[in-house]
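Participant: heads up, no residue letters with this:
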């Protein structure tokens, strides 16, 4: 498994300045991609505030077995994220950043594991480039900043897959390093099952079995069933499942049947997308390097046609990435985060293609990146020009920001073609992307002028001394409703016309249209200017 796909390439010699530059760039890339701005916005969407609520409930109640949302058992996802966030809350306090810290940590560990695999399989140069090119992709940045199960699942599965590479390359007689790989494989695969369920078994097996069929190395593939791997997997994954099932008799029906089989086989959860959905999603997730990926795929296909089958490690990486793509494309329920386990493998394939083909096809890389950069530059300048010409927010700000992003992506890709002897000029390609991350707050303002979470609204309600137990919401999106509940530490219900005396949160001054004739609305609402909501004092008639 450690052989490369072609004769050894001349190693890139680095000066002392070059080594320092690489180190600084790698550290900055890992920090800004995964840990910077973790709490820049409140918990958004329907998932983040609910998962954070469950984790906080675990930390407060000490019940680390049964996930509970608003006091009721909730079995949509397994427990690993909740454990990580609950410990984060206990150690560092409850905040948006600590709720997202488990995802950031999982992204870091997955990246370091892939870098180690790249170093072991392809050499130090590929490992260095992976540490620069994988973290600043949209998929890795976005999901490392989400209080959700996607990145913990992808991270633990990635570390399990790295162990598989070691196992498949192990000699017939187990050595201490091989035994450690067997044990770690079982542990990480067990953690992946605790992160999102039995999909971890399917994805890992779906990568290894096609590899075994292509390479005719079935004996090596069955090493994954080593007794030590099975034992560590069972000790890691099964205790929580058994305890949770004993305490909650309907656990397996809800979790396994409804949220695994039905989610995959039926459109019951309404996440319906076309079969090809994950092709553009993957390209977006790998931005700003999508053109580099397409270029590498084209040259890789040409190489295979000319030279035959690639090396065993590359075949396994291809099986890993492609099986994830096909498996989730077949699913009746599709969400962007499902494809995340394929991104680390795709990132390593992209990096390897860049390292190899940039030497063999330097002119092709130069013209491809130059053409893409020129198109992006023109698009960026055009968007900025249109934004300045046509006044009227929010479209003006959105066009200007989109233009700035296009310019940064163009510069990043163009810099990949630059070379120098003193220090790695091409490695500076991450600087424009990191600059976008640092400037996220002003760049996101056109889209987030109003806080989409419930954080700002909760602060305004507290400042207005409005009691939490007397609040209802009307016409509020469920994600913001869940988020408001998290920040107020109480479930806030949608307006149901059953309250007698309460405050009603409405997005406009049309309170009476929402309450009907059975209630009276105060003439002067509490205006919550920063969030854009109004709090009306309402009374049931006859009270």
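Facilitator: Sure thing, it's come through. Model, not experiment: these values are computed from the prediction. Residues are numbered from 1 along each chain as shown.

Participant: low-confidence ranges in the stretch 51-200 of the chain?
Facilitator: With pLDDT under 70 as the threshold, the stretch 51-200 of the chain has no low-confidence stretch at all.

Participant: could you redo the last one with a cut-off of 90?
Facilitator: 71, 76, 169-179, 197 (pLDDT under 90).

Participant: cool, and the stretch 201-350 of the chain?
Facilitator: 216-221, 223-224, 249-277, 300-312, 330-337.

Participant: List the contacts of stretch 49-68.
Facilitator: Outside stretch 49-68, the residues that touch it by CB atoms under 8 Å, 6 or more residues apart in numbering are 43, 69-70, 73-75, 77, 79, 81-90, 94, 99, 147-149, 240, 243-244, 247-248, 453-454, 479, 482-483, 485-486. Any C-beta I mention is one placed from the backbone N, CA and C, and that applies to glycine too.

Participant: Only the buried residues of the strand or helix carrying residue 102, if you could.
Facilitator: For residue 102, the element it lies in under DSSP states H and E is helix 96-122. Residues 96-122 are the ones in helix 96-122 that count as buried (16 or more other CB atoms under 10 Å).

Participant: which residues in the stretch 101-250 of the chain form helices?
Facilitator: Ranges of helices within the stretch 101-250 of the chain are 124-133, 138-144, 150-168, 176-196, 199-215, 218-221, 227-247, based on DSSP state H, counting those that start in this stretch.

Participant: what would those helices look like in a markdown table with distance to residue 513 and mean neighbour count?
Facilitator: Conversion of the helices of the stretch 101-250 of the chain to a markdown table gives the following (distance: least, CB to CB, whole Å; neighbours: other CB atoms under 10 Å):
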| stretch | distance to residue 513 | mean neighbour count |
| --- | --- | --- |
| helix 124-133 | 53 | 23 |
| helix 138-144 | 38 | 23 |
| helix 150-168 | 40 | 26 |
| helix 176-196 | 43 | 22 |
| helix 199-215 | 46 | 19 |
| helix 218-221 | 65 | 14 |
| helix 227-247 | 45 | 16 |
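
Participant: Between those, which one is closest to residue 340.
Facilitator: Proximity to residue 340 (CB to CB) singles out helix 150-168 among those, at 4.2 Å.

Participant: Helix 176-196 and the closest one, what's the angle between them?
Facilitator: 150 degrees (axes from the mean of the first three to the mean of the last three CA atoms, to 10 degrees).

Participant: Run through the neighbouring helices and strands of helix 150-168.
Facilitator: Counting contacts by 3 or more CB pairs under 8 Å, 6 or more residues apart in numbering; DSSP states H and E, helix 150-168 packs against helix 80-92, helix 96-122, helix 138-144, helix 176-196, helix 199-215, helix 218-221, helix 312-330, helix 343-360.

Participant: which other helices and strands contact the helix holding residue 102?
Facilitator: Checking 3+ CB pairs under 8 Å, 6+ apart, helix 96-122 ends up next to helix 16-34, helix 47-61, helix 80-92, helix 124-133, helix 138-144, helix 150-168, helix 343-360.

Participant: switch the cut-off to 6 Å
Facilitator: helix 16-34, helix 80-92, helix 124-133, helix 138-144, helix 150-168, helix 343-360 (3 or more CB pairs under 6 Å, 6 or more residues apart in numbering; DSSP states H and E).

Participant: Distance to residue 335 added to these, as TSV?
Facilitator: Formatted as TSV, the helices and strands packed on helix 96-122 follow (distance: least, CB to CB, whole Å):
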stretch	distance to residue 335
helix 16-34	22
helix 80-92	16
helix 124-133	25
helix 138-144	11
helix 150-168	9
helix 343-360	14
